[in-house]
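Engineer: Mind looking at a prediction? Sequence and model below.
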Amino acid sequence: MRHARLSRDKIRQADGEISVAAQPSDGDSAGAGRVIVNPISGERIVICQSGAQTGGRLLAFDLFLPLGGHVPARHTHPTQEERFTVVAGAMRFKMRGKTIVAHPGDTVVVPQGTPHWFGAAGDVAAQAHVEVRPALRMEEVFAASADMSHGGQVFGIRMPRIADLARFLLEFQREIAVPNLPARVVKALLIPIAWDPCRRLPRLPHARHVHHQEALPSPLPSTLPTSLPMAPDHRAQNGRQ
């Protein structure tokens, strides 16, 4: 059964694209109607119900994927369940060693802690209504991920900076994780990458507002030394000889 939001938004599908007729508010304002666009994955997210509106029980949003759009990598949500109901086009899911192709009216449930990947299937764009339980900081995850996509390019391909990605995974450990690796191992690997005193990293967005132009120096992890040994003063030694 299609979600009721389809009739309100008047979805238009043509030439491999799905668009929303009425554009909601800007992407920096948290809450229902917020639009978050990730230029790397092609995901366009329109918030229907925020965690603040549901007491943290639920985050609901409409997901739009262009032709060929997909999440960058397989991942897990350690304590959250995701429920996808396809509204238009088709979506391909990969989890538990199986590939699932879902069509309009189909619902795919991703249990918490399950490694998975998804993207648009076929030769048209896709739309799904997604529910995440509990909400936690998932809306912030989407905003931070989109913000990172403006970080840089590798061989002409837009990609986040590795230090930004490390900080992202450390910040949102409850919401997103690397599959098949213990959390403590991932954390130990990411901390040295996230700590880069030679550059200023973008500030991760807050729940209420994303400050794209603000930047803070990356924090010094408690596991790293707070000072470095001083190099010997060769000039002073030469003077005493």
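Structural biologist: Arrived safely. Numbering: from 1, shown residues only.
Engineer: How about the contacts made by residue 137?
Structural biologist: Counting by Cβ atoms under 8 Å, 6 or more residues apart in numbering, residue 137 makes contact with 51, 172, 174, 175, 207. Where C-beta positions appear, they are placed from N, C-alpha and C, glycine not excepted.
Engineer: Any figure for the gap between it and residue 91?
Structural biologist: Look at residue 137 and residue 91: by Cβ to Cβ, to the nearest Å, they are 24 Å apart.
Engineer: For the chain, give me the ranges with low pLDDT.
Structural biologist: Counting by pLDDT under 70, the chain has low-confidence residues at 1-30, 150-159, 196-241.
Engineer: can you list the domains in it?
Structural biologist: Per automatic domain parsing, the structural domains of the chain span 7-136, 144-217.
Engineer: Can you say which of those is packed in most?
Structural biologist: Burial of the domains of the chain is given as mean neighbour count (mean count of other Cβ atoms under 10 Å); domain 7-136 ranks first at a mean of 17.
Engineer: Ends of stretch 67-77, what's the gap?
Structural biologist: Across stretch 67-77, the terminal residues are separated by 25 Å (Cα to Cα, to the nearest Å).
Engineer: same question, stretch 98-113
Structural biologist: 16 Å.
Engineer: Return the set of residues that bridge with the residue lying closest to residue 89 once chain neighbours are set aside.
Structural biologist: Leaving aside its sequence neighbours, residue 89 sits nearest to residue 126 (Cβ to Cβ, 6 or more residues apart in numbering; 3.4 Å). Residue 126 has these beta-bridge partners by DSSP bridges: residue 65.
Engineer: contacting residues around residue 126?
Structural biologist: 18, 64, 65, 69, 86, 88, 89, 90, 91, 120.
Engineer: Recalculate using a threshold of 7 Å.
Structural biologist: With contacts defined as Cβ atoms under 7 Å, 6 or more residues apart in numbering, residue 126 is in contact with 65, 86, 88, 89, 90, 91, 120.
Engineer: Kindly report the same for residue 36.
Structural biologist: By Cβ under 7 Å, 6+ apart, the neighbours of residue 36 are 27, 45, 142, 143, 146.
Engineer: From residue 79, how far off is it?
Structural biologist: Per Cβ to Cβ, residue 36 is found 22 Å from residue 79.
Engineer: What ranges does this structure have for its helices?
Structural biologist: Ranges of helices in the chain, per DSSP state H, are 5-9, 138-148, 162-171, 183-194, 234-240.
Engineer: Tell me which of these lies nearest to residue 104.
Structural biologist: Nearest to residue 104 among these is helix 5-9 (9.5 Å), distances taken as Cβ to Cβ.
Engineer: how close does residue 98 sit to residue 107?
Structural biologist: 16 Å.
Engineer: no no, residue 56
Structural biologist: Per Cβ to Cβ, residue 56 is found 23 Å from residue 107.
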